[in-house]
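Asks: got a sequence here, can you build the structure:
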Amino acid sequence: MRILQIHSGINLNGAVRYAALVSRLLALRGHEIVILQRPVVDLGSGVALPRRSSAPT
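Replies: Predicted structure coming up:
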């Protein structure tokens, strides 16, 4: 499935962290994720993926 996440905020808050984590877990399950965000927010460095991220099938 192709999924588009749109983040309009300028801060790295809890909702953005949650959406980024869910996006990473969905990508691990084979989904294509695109995140549209403002250039001032760096999701890659702000959200760490858990070491054992086994998503149930």
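Asks: quick one: mean pLDDT over the longest helix seen in the chain.
Replies: What stands out as the longest helix in the chain, according to DSSP state H, is helix 14-28. Mean pLDDT, helix 14-28: 86.
Asks: next, count neighbours for residue 22.
Replies: 13 (other CB atoms under 10 Å). Placement of C-beta: from N, CA and C, glycine included.
Asks: separation between it and residue 8?
Replies: Per CB to CB, to the nearest Å, residue 22 is found 17 Å from residue 8.
Asks: would you map the strands across this structure?
Replies: For the chain, the strands defined by DSSP state E occupy 2-6, 32-36.
Asks: just checking, what packs against the first one?
Replies: Contact here means 3 or more CB pairs under 8 Å, 6 or more residues apart in numbering; DSSP states H and E; on that basis strand 2-6 packs against helix 14-28, strand 32-36.
Asks: how far off centre is it?
Replies: Taking CA atoms, centre = their mean, to the nearest Å, one finds the center of strand 2-6 at 10 Å from the center of the full chain.
Asks: contacts for it?
Replies: For strand 2-6, contacts defined as CB atoms under 8 Å, 6 or more residues apart in numbering pick out 19, 20, 23, 26, 31, 32, 33, 34, 35, 36, 37.
Asks: what angle do it and strand 32-36 make?
Replies: Using axes from the mean of the first three to the mean of the last three CA atoms, to 10 degrees, the inter-axis angle of strand 2-6 relative to strand 32-36 is 20 degrees.
Asks: show the pLDDT at residue 42.
Replies: We have a pLDDT of 69 for residue 42.
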